[in-house]
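Asks: Have a look; sequence and predicted model below, questions after that.
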Amino acid sequence: DPKTAYISPSDDTDEYTFSGNKHYKVTISMVAPRDAENNMEPWLVLLDPDGNVETFVHPNDRSTNAYYQGGNPQKASIENYHLTKTGAYTIRTKAYGSGTGRYTLALTVTPFDMPENLSVSTVAGKPHALLTWEDKTDSEESFKIERKKDGGGWTHIDEVTANTTTYTDTTLAGDTSYWY
């Protein structure tokens with residue numbers, strides 16, 4: 001449910017917490033009216049469970065999946081952002097600059113189920129690997145394909161569109177083991 005609060009004085013900060021799981025998708029919006037009693041420009045910060053800034057938005061800057069809309073009302077939002085950790089997240093709200101006023105904060109958390117049952121098979125007569133998996137969610141934007149070789153680290157090799165459940169890796173070298 002949306003929460004309504006007030007920032008006054010201008011250096012006031014409000015904090016709200018919610019429980020989040022890695023890969024869950026969140027949308028957070030902070031909406032502030034502009035009138036004779038309200039002149040606040042919203043500043044919205046998402047802190048991870050360790051207290052580090054994960055993403056933010058204010059009138060002059062923003063990070064991943066963050067948007068600012070001026071006018072009346074003014075809106076700072078973090079949209080369709082995938083959480084990077086599991087634990088208690090903190091939403092920090094305040095005014096950018098010297099404004100004060102009323103605002104409404106809304107949070108939507110969408111569970112995100114990871115793909116399951118990844119299998120890899122060889123393509124007869126070719127140095128290719130066919131990957132298949134079960135798509136367990138309808139909220140992904142894409143799937144990133146990563147691979148590592150014997151003794152190496154993970155490397156991003158490609159990305160496929162939402163709702164895709166197969167990928168053929170055609171860049172394999174002979175006599176090498178791969179993990180996906």
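Replies: Okay, I see it. Residues are numbered from 1 along each chain as shown.
Asks: my guess is Trp133 contacts Val120, does it?
Replies: No. Trp133 lies out of contact with Val120 (C-beta atoms under 8 Å); the separation is 9.8 Å. Every C-beta, even on glycine, is put in place using the N, C-alpha and C of the backbone.
Asks: Between these two, tell me which one has more neighbours.
Replies: Using other C-beta atoms under 10 Å, the more surrounded residue of Trp133 and Val120 is Trp133, with 18 against 15.
Asks: Please, which helix or strand holds that one?
Replies: If you go by DSSP states H and E, Trp133 is part of strand 129-134.
Asks: Report the next helix or strand after that strand in sequence order.
Replies: Downstream of strand 129-134, the next assigned helix or strand under DSSP H and E is strand 142-149.
Asks: Run through who's touching that next one.
Replies: Outside strand 142-149, the residues within contact range by C-beta atoms under 8 Å, 6 or more residues apart in numbering are 115, 131, 133, 154-162, 164, 167, 169, 176-180.
Asks: show me where pLDDT drops low in the chain?
Replies: Within the chain, the stretches with pLDDT under 70 are 10.
Asks: The same query, at a cut-off of 80, please.
Replies: 1-2, 9-11, 64, 112-114, 137-141, 174 (pLDDT under 80).
Asks: got the contact list for Asn21?
Replies: Contact analysis of Asn21 by C-beta under 8 Å, 6+ apart lists 83, 86, 111.
Asks: Quickly note the distance from it to Asp35.
Replies: Between Asn21 and Asp35 the computed distance is 39 Å (C-beta to C-beta, to the nearest Å).
Asks: And for Thr84?
Replies: Thr84 is 38 Å from Asp35, where distance means C-beta to C-beta.
Asks: And for Asp175?
Replies: Distance, Asp175 to Asp35, by C-beta to C-beta: 71 Å.
Asks: again, but for Val160
Replies: The gap separating Val160 from Asp35 is 48 Å, by C-beta to C-beta.
Asks: So for these two, which residue has more residues nearby?
Replies: Val160 (14 against 10).
Asks: So what's the residue count around the closest residue in space to Ala106 that isn't next to it in sequence?
Replies: Among residues not flanking Ala106 along the chain, Pro2 sits closest, at 4.3 Å (C-beta to C-beta, 6 or more residues apart in numbering). Counted with other C-beta under 10 Å, residues neighbouring Pro2 total 9.
Asks: mind listing what Pro2 touches?
Replies: So Pro2 contacts 104-106 (C-beta under 8 Å, 6+ apart).
Asks: give me phi/psi at it?
Replies: Main-chain torsions, Pro2, degrees, to the nearest 10: phi -60, psi 150.
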